[in-house]
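Asks: Sequence plus the predicted model coming up.
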Amino acid sequence: MLTTLAILAVLVNGVAASTPCGGTTFFGEDRNPDDTQNNVLPLPATPKADAARDSFFMALTAPSTETLESLGAGDTSPELLFPGPSITATLTGGETRQDPPLNGQYAISPDTYFSTDDNFTVEFSEEISSFGFYGVDIGDVQGNLTLTAVRTDGTSCSIAIPHEVDGPSGGVLYFAYIDLDEPFIRVNFTNSEGMRDR
């Protein structure tokens with residue numbers, strides 16, 4: 001499922017049952033045209049995912065990006081540094097990799113990506129009101145990915161990411177969420193297929 005988390009974006013804005021989120025979402029997905037499972041090359045271009053990212057960035061004031069390129073391979077709790085607003089975050093539930101393309105998994109930024117076969121979390125050093133990411137190889141084994149934005153008071157809201165399910169390996173998506181009314185401190189990702197959908 002979400003085997004690659006390649007780029008994050010964040011903007012600063014000054015657990016109970018989860019409800020639907022009331023903010024704004026951005027989504028674009030590029031399907032890999034190679035229908036063979038796993039043995040696929042990275043997509044040479046991702047126009048739909050990039051258009052979603054561009055729309056998200058245009059809605060922000062001074063977005064800040066973490067590409068993961070400053071991280072080494074094998075880190076299971078990497079600290080993410082967002083230049084500009086001085087926000088940090090910790091990413092847990094997988095590990096950083098710098099492998100060549102394998103099983104539909106590959107980096108969006110030049111070399112480094114976050115790989116997981118389970119649920120994972122991004123916890124921020126302070127409240128944020130927006131979050132976006134590239135994902136690679138999501139949903140190719142029937143899994144559904146859900147993002148839950150957790151607020152400092154423990155309340156949360158969830159969004160089912162509308163990616164293709166049971167499609168070919170190696171597709172790329174970009175998903176982002178903005179909520180100016182209810183900032184959040186943590187983002188949890190859950191995969192309906194757990195370890196089966198790597």
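Replies: Done, it's in. Numbers count the residues shown, from 1 in each chain.
Asks: roughly how far apart are Thr76 and Glu69?
Replies: 18 Å (Cβ to Cβ, to the nearest Å). (Each C-beta comes from the backbone N, C-alpha and C, glycine too.)
Asks: now swap in Phe175 and tell me
Replies: For Phe175 relative to Glu69 (Cβ to Cβ), the value is 21 Å.
Asks: Looking at the two, which is more packed in?
Replies: Phe175 (25 against 14; other Cβ atoms under 10 Å).
Asks: contacting residues around that one?
Replies: Thr25, Phe26, Phe27, Ala52, Gly132, Phe133, Gly135, Leu147, Ile161, His163 (Cβ atoms under 8 Å, 6 or more residues apart in numbering).
Asks: Paired strands for whatever helix or strand the second one lives in, with orientation please.
Replies: When elements are assigned from DSSP states H and E, Phe26 belongs to strand 24-30. According to DSSP bridges, strand 24-30 forms sheet pairs with strand 172-178 (antiparallel).
Asks: and the next element down the chain from the strand it pairs with?
Replies: Immediately after strand 172-178, counting by DSSP H and E, sits strand 184-191.
Asks: Name every strand pairing with that following strand and say which way it goes.
Replies: strand 120-136 (antiparallel), strand 145-150 (antiparallel).
Asks: got those as TSV, with distance to Pro100 and mean neighbour count columns?
Replies: Shown next, in TSV, are those (distance: least, Cβ to Cβ, whole Å; neighbours: other Cβ atoms under 10 Å):
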stretch	distance to Pro100	mean neighbour count
strand 120-136	13	21
strand 145-150	24	21
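Asks: Turn those into a markdown table, including mean pLDDT.
Replies: Formatted as a markdown table, those follow (pLDDT from 0 to 100):
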| stretch | mean pLDDT |
| --- | --- |
| strand 120-136 | 96 |
| strand 145-150 | 96 |
